[in-house]
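> Quick one, what's the 3D model for this:
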Amino acid sequence: MSKNKDKKIKHLFMGLLFDGIGMLSFAIPFIGDFSDIIWAPLSAWLMTRMYKGKIGQAAGLVTFVEEIIPGLDIIPSFTLMWLYTYVFKGAKKEKLLDA
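Numbers count the residues shown, from 1 in each chain. Modelled structure (predicted):
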């Protein structure tokens, strides 16, 4: 496997894990929402480490907001960022190269 493909798969599994951790607050009603006070900044930091540059910073901000607001934990922000980075953005690059 290429280094790029390894990174892509690693980011997918890490993103699924982090989205799962973020959704754990649904397991314990009311008390779980307080765990978001710790998880929101941590998840934002993790997002900026996984995806560099301005797009990673923007995704980190979105992830922070999504995790800190009760009830929005269901949004899989890490998985959505992975799809954007490796599926949609990648397809756009290929389209531009074909033109």
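
> in stretch 11-24, what counts as buried?
11, 15, 18-19, 21-22 (16 or more other Cβ atoms under 10 Å). The way it works is simple: take the backbone N, C-alpha and C, and place the C-beta from them, glycine included.

> What's the separation between Leu16 and Phe78?
7 Å (Cβ to Cβ, to the nearest Å).

> What's the per-residue pLDDT of Gly22 here?
You'll see Gly22 listed with a pLDDT of 88.

> ok, now which ones touch it?
Shown in contact with Gly22 (Cβ atoms under 8 Å, 6 or more residues apart in numbering): 39, 43, 66-67, 73, 77-78.

> and those, which of them are in helices?
Counting by DSSP state H, the members of these that fall within helices are 39, 43, 66-67, 77-78.

> In TSV: the residues you listed, plus neighbour count.
Formatted as TSV, the ones in helices among the contacts of Gly22 follow (neighbours: other Cβ atoms under 10 Å):
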residue	neighbour count
Trp39	22
Ser43	23
Glu66	20
Glu67	26
Ser77	24
Phe78	26
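
> Which of those sits closest to Asn4?
Phe78 (18.9 Å; Cβ to Cβ).

> Dump the ones in helices among the contacts of Gly22 to JSON lines, plus distance to Ala27 and pLDDT.
Shown next, in JSON lines, are the ones in helices among the contacts of Gly22 (distance: Cβ to Cβ, whole Å; pLDDT from 0 to 100):
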{"residue": "Trp39", "distance to Ala27": "13", "pLDDT": "92"}
{"residue": "Ser43", "distance to Ala27": "17", "pLDDT": "96"}
{"residue": "Glu66", "distance to Ala27": "18", "pLDDT": "92"}
{"residue": "Glu67", "distance to Ala27": "15", "pLDDT": "91"}
{"residue": "Ser77", "distance to Ala27": "18", "pLDDT": "95"}
{"residue": "Phe78", "distance to Ala27": "18", "pLDDT": "97"}
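
> Export these to JSON lines and append columns for distance to Tyr51.
JSON lines is the format used below for the ones in helices among the contacts of Gly22 (distance: Cβ to Cβ, whole Å):
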{"residue": "Trp39", "distance to Tyr51": "18"}
{"residue": "Ser43", "distance to Tyr51": "12"}
{"residue": "Glu66", "distance to Tyr51": "15"}
{"residue": "Glu67", "distance to Tyr51": "16"}
{"residue": "Ser77", "distance to Tyr51": "11"}
{"residue": "Phe78", "distance to Tyr51": "9"}
